[in-house]
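> here is my input, please return the structure:
(one chain, ligands or ions: 2)
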Amino acid sequence: MISIKKLAESPGLTSVPPTYTFTPNPNDHPVSDDPKDSIPVIDFALFTSGTLDQRSKLVHDLGKACQDWGFFMVINHGVPESQMKAMIKACGEFFNLTEEEKQEFAGKHVLDPIRCGTSFNASADKVLFWRDFLKVFVHPKFHSPTTPSGFREILLEYSKRTRKLTLDLLEGISVSLGLEDGYMEKAMNLESGLQILAANLYPPCPEPEVAMGMPSHSDHGLLTLLIHNGISGLQVQHKGKWINVNSIPNAFVVNIGDHLEIVSNGRYKSVLHRATVNEKATRISIATVYGPSLDTVVSPAPELVYLETNPPAFKGMKYREYLEMQQSNKLDGKSCLHHLKV
Ligand code: OGA
Ligand code: NI
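Ligands and ions are numbered 1, 2, ... in the order given. Next up is the predicted model:
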């Protein structure tokens with residue numbers, strides 16, 4: 001399968017080939033660029049250094065962002081800007097390897113620890129997406145492609161830093177749900193939790209209105225942290241509208257995944273989002289998805305289930321099985337989570 005990068009670089013490409021062409025849905029929700037439709041911003045500086053009062057305000061704001069939006073930006077997060085930039089640059093260099101060099105990391109099975117490719121699931125997608133990807137399992141066991149040189153070191157540092165930030169956010173989120181601060185870590189076995197780095201490349205597209213970078217979907221893990229190279233393209237669904245996310249430079253865009261929706265028994269919902277493409281610039285985004293350990297059977301936290309008024313909304317399932325289901329089908333909104341609805 002030819003990469004979208006190679007296709008986009010074909011000399012004289014002026015239109016999107018039919019296999020990549022979407023028919024825009026006339027019933028699709030309108031897109032809003034209204035500044036008041038902007039996702040919340042969480043200043044995380046006080047998480048470690050704040051007073052008790054400041055910390056509890058932060059936890060309150062975090063809970064509100066999770067409940068109202070499920071999508072928010074985090075600033076003053078402690079991850080050095082230089083590491084974020086280095087990771088984006090290194091991923092750009094990976095995508096610049098030759099087709100033959102990348103082939104070595106193609107991977108066959110959805111649970112292969114290193115896998116690169118194009119679209120989402122090229123064998124199941126009816127229409128292909130304008131996107132190449134690299135997915136690497138970086139925890140509990142660290143993996144990395146061996147090229148380009150320096151990639152491994154940058155990936156290792158970046159993975160550690162983002163894992164720490166995710167754990168801190170999950171601590172705050174646990175408290176905001178009325179659980180102990182270490183609840184997620186213990187119940188989800190996060191010491192051996194699965195962390196995946198997923199880098200996306202969206203090359204310029206001659207007809208961006210008929211192609212899609214990534215279709216509407218929710219993420220499978222507990223939380224996703226996303227950065228990008230300054231080119232916008234991410235859209236989030238909120239109250240029936242698509243909203244362009246114009247993120248603050250060096251902020252992380254954080255979103256709730258399906259497994260946090262399951263654990264919280266539906267109180268915090270995973271949110272639909274998608275990636276559009278543009279005519280002019282190459283966009284790179286990097287998601288780090290942190291989830292339970294692969295052998296954890298995830299079901300709603302008993303503390304959040306009241307049989308009379310708030311019965312369990314989801315059946316339990318092993319994270320490994322959920323991941324296999326999500327990654328081997330076509331990406332289709334929240335269809336995987338719906339399978340688990342009671
Ligand atoms: C993802 C994702 C959005 C983007 O990788 O799961 O939703 O902006 N990416 O690239
Ligand atoms: Ni996503």
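> next, give phi and psi for residue 287.
Main-chain torsions, residue 287, degrees, to the nearest 10: phi -100, psi 140.
> from residue 56, how far off is it?
Plainly put, residue 287 is 30 Å away from residue 56 if you go by Cβ to Cβ, to the nearest Å. The C-beta positions use only the backbone N, C-alpha and C, and glycine is treated the same way.
> neighbour count winner among these two?
With neighbours defined as other Cβ atoms under 10 Å, residue 287 and residue 56 compare such that residue 287 has more, 21 against 13.
> next SSE after the biggest helix by length in the chain?
Taking DSSP state H as the criterion, the chain has its longest helix at helix 151-176. On the C-terminal side of helix 151-176, the closest following helix or strand by DSSP states H and E is helix 183-187.
> ok so residue 260 is a helix residue?
Yes: counting by DSSP: H, G, I helix; E, B strand; the rest coil, residue 260 is found in a helix.
> got a list of what it touches?
66, 173, 222-223, 268, 270 (Cβ atoms under 8 Å, 6 or more residues apart in numbering).
> any chance of those residues in JSON lines with neighbour count as columns?
Shown next, in JSON lines, are the contacts of residue 260 (neighbours: other Cβ atoms under 10 Å):
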{"residue": "66", "neighbour count": "28"}
{"residue": "173", "neighbour count": "26"}
{"residue": "222", "neighbour count": "31"}
{"residue": "223", "neighbour count": "24"}
{"residue": "268", "neighbour count": "22"}
{"residue": "270", "neighbour count": "25"}
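> ok, so of those, who is nearest ligand 1?
For those, the residue nearest ligand 1 by Cβ to the nearest ligand atom is residue 270; the value is 11.1 Å.
> list the contacts for that closest one?
Neighbours of residue 270 in contact, by Cβ under 8 Å, 6+ apart: 70, 218-219, 255-258, 260-261, 334, 337.
> same thing with residue 124?
Neighbouring residues of residue 124 by Cβ under 8 Å, 6+ apart: 328-330.
> how about it, phi and psi?
Per-residue torsions, residue 124: phi -110, psi -20 (degrees, to the nearest 10).
> now do the phi/psi pair for residue 226.
According to degrees, to the nearest 10, residue 226 has phi -130, psi 140.
> what's the answer for the one 5 residues further on, then?
Recorded main-chain torsions at residue 231 are phi -100, psi 130, according to degrees, to the nearest 10.
> quick one: it and residue 281 touch, right?
Yes: counting by Cβ atoms under 8 Å, residue 281 is a contact partner of residue 231 at 4.9 Å.
> residue at max distance from the center of this protein?
Ranked by distance from the centre of the chain (Cα atoms, centre = their mean), the top residue is residue 308, with 34.4 Å.
> tell me what the worst-scoring helix or strand of the chain on mean pLDDT is packed against?
Across the helices and strands of the chain, mean pLDDT, DSSP states H and E gives its lowest value to strand 31-32, namely a mean of 82. If contacts are counted by 3 or more Cβ pairs under 8 Å, 6 or more residues apart in numbering; DSSP states H and E, strand 31-32 sits against strand 241-244.
> and the contacts of the helix or strand following the strand it packs on?
Helices and strands here follow DSSP H and E; after strand 241-244, the next one along the chain is strand 252-256. Strand 252-256 is contacted from outside by 39, 42, 66, 70-74, 77, 79, 162, 165, 169, 219, 222-227, 234, 236, 245, 247, 268-271, 273, using Cβ under 8 Å, 6+ apart.
> roughly how far apart are whichever residue of the stretch 101-250 of the chain sits closest to ligand 1 and residue 36?
Across the stretch 101-250 of the chain, no residue is closer to ligand 1 than residue 234, which sits at 3.6 Å (Cβ to the nearest ligand atom). Distance from residue 234 to residue 36, counting by Cβ to Cβ: 18 Å.
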